[in-house]
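Chemist: take a look and give me a structure for this.
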Amino acid sequence: MRGLGFDLIEDIDQNTKRRITVQPPADGPLVVLARADTPGKIARVENQAGGRVWLFPHWGDFARDAARIIAAGGVSEEPPRQAPFGIVAFWQDPFGNRSDLVPPS
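Modeler: Model prediction:
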């Protein structure tokens, strides 16, 4: 997340669990991340949303932020395309979770 410009707010190691809180630039909402701690949870890490997009972050500069995603290990699933609300593209993080990069409305 730091590669995407997020600030680390808190990192608590709880032995088998770990809780990390990050925040995007410009005082965006806090995001809490948790480490999978059982075999069942670990098996679902790459399919947390059942193959659907689970996150729709709004970014200010598409080209800049797309480059950040790629530099942080993300993979574009499609070329950027024009939608009624602006440029959009689907991405996968290094763990296979899908997100959608969209402009702010």
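
Chemist: just the helices in the protein please.
Modeler: Applying DSSP state H to the chain gives helices spanning 39-44, 62-71.

Chemist: residue 81: which of the ones you listed is closest?
Modeler: Of all the helices of the chain, it is helix 62-71 that lies closest to residue 81, at 11.3 Å by Cβ to Cβ. The C-beta positions use only the backbone N, C-alpha and C, and glycine is treated the same way.

Chemist: now do the closest one, average pLDDT.
Modeler: Helix 62-71 carries an average pLDDT of 82.

Chemist: just the buried residues of it, please?
Modeler: With burial defined by 16 or more other Cβ atoms under 10 Å, the residues of helix 62-71 counted as buried are 62, 65-66, 69.

Chemist: and the helices of the chain as TSV, adding distance to residue 99?
Modeler: Formatted as TSV, the helices of the chain follow (distance: least, Cβ to Cβ, whole Å):
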stretch	distance to residue 99
helix 39-44	17
helix 62-71	9
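
Chemist: which one of the buried residues of helix 62-71 is nearest to residue 18?
Modeler: Once Cβ to Cβ is applied, the member of those that ends up nearest residue 18 is residue 69, at 23.2 Å.

Chemist: what's the spacing between that closest one and residue 91?
Modeler: From residue 69 across to residue 91, the span is 6 Å (Cβ to Cβ, to the nearest Å).

Chemist: tell me how this protein divides into domains.
Modeler: 1-35, 49-105 (automatic domain parsing).

Chemist: okay if I get these as JSON lines plus distance to residue 41?
Modeler: Putting those into JSON lines (distance: least, Cβ to Cβ, whole Å) gives the following:
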{"stretch": "domain 1-35", "distance to residue 41": "9"}
{"stretch": "domain 49-105", "distance to residue 41": "13"}
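
Chemist: would you map the strands across the chain?
Modeler: Ranges of strands within the chain are 7-14, 17-23, 31-34, 75-76, 81-83, 86-92, 98-101, based on DSSP state E.
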